[in-house]
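> could you work out the structure for the sequence below:
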Amino acid sequence: MQDPSEARHAMSTGPLLARSIEGARLLVGEVFDPVALFGEQWQAQSVLVYPAETPTPGGDARLEVKRVILLDGTWRKVRRLRYCNPWLDQLAKLSLRPQERSAYRIRKSPRADGLSTIEAGALALNQLVSGTDYRDILEVFTAMVEMQINAMGPAAAKNHPP
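Here you go, the predicted structure:
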């Protein structure tokens, strides 16, 4: 689910994620109806990737998840998406524990564990789907970041070291 202002941002990673995962959908908007989107059983087998104050039931055990929901936008816009869609709070939360800092060097998160949407999606899928490694989808993301830094010139490269 992508905030409309993020949809206008050229370096948004939500569309990259949607194009990289078969069956993924990118939903752009502010308010969403879960029944219209996912049917009457919208809560069943759905998880929201979001830092949670309390752990997801089952701890680190793999959940029986059919639908992974990520929110795409700045932290401020993501909080607004949650506020405008209180039904999201009824979902199980999948909190990620990245081992490395985000490679999204051209945009910074206020959180040390903050990730771009595509990084969060790959990490979430790796956590939930056994026998598959989704890190390969990050190659296009890494190339996009490098192209943007190179386009910004030598000063930008110094300010955004790998």
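
> max-length helix in this protein?
helix 138-152 (DSSP state H).

> distance from that helix to the middle of the chain?
18 Å (C-alpha atoms, centre = their mean, to the nearest Å).

> ok, the residue most central in space within the chain - contacts?
With distances taken as C-alpha atoms, centre = their mean, the residue of the chain nearest its centroid is T117 (2.8 Å). Listed by C-beta atoms under 8 Å, 6 or more residues apart in numbering, the contact set of T117 reads S12, T13, G14, L17, L70, L71, D72. Where C-beta positions appear, they are placed from N, C-alpha and C, glycine not excepted.

> out of those, which are inside helices?
Per DSSP H, the contacts of T117 map to helices at G14, L17.

> quick one: what helix or strand has L125 in it?
When elements are assigned from DSSP states H and E, L125 belongs to helix 117-128.

> what pLDDT, on average, does that helix get?
For helix 117-128, the mean per-residue pLDDT is 88.

> CA atoms only: put that helix into CSV for me.
In CSV, the C-alpha atoms belonging to helix 117-128 read as follows (Å, rounded to 0.1, in the frame of the first residue of the first chain):
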residue,chain,number,x,y,z
THR,A,117,10.1,-1.1,1.0
ILE,A,118,11.9,-3.5,-1.4
GLU,A,119,14.4,-4.4,1.3
ALA,A,120,11.7,-5.0,3.9
GLY,A,121,9.7,-7.1,1.4
ALA,A,122,12.7,-9.3,0.6
LEU,A,123,13.6,-9.7,4.3
ALA,A,124,9.9,-10.5,5.2
LEU,A,125,9.6,-13.1,2.4
ASN,A,126,12.9,-14.7,3.4
GLN,A,127,11.6,-14.9,7.0
LEU,A,128,8.2,-16.4,5.9
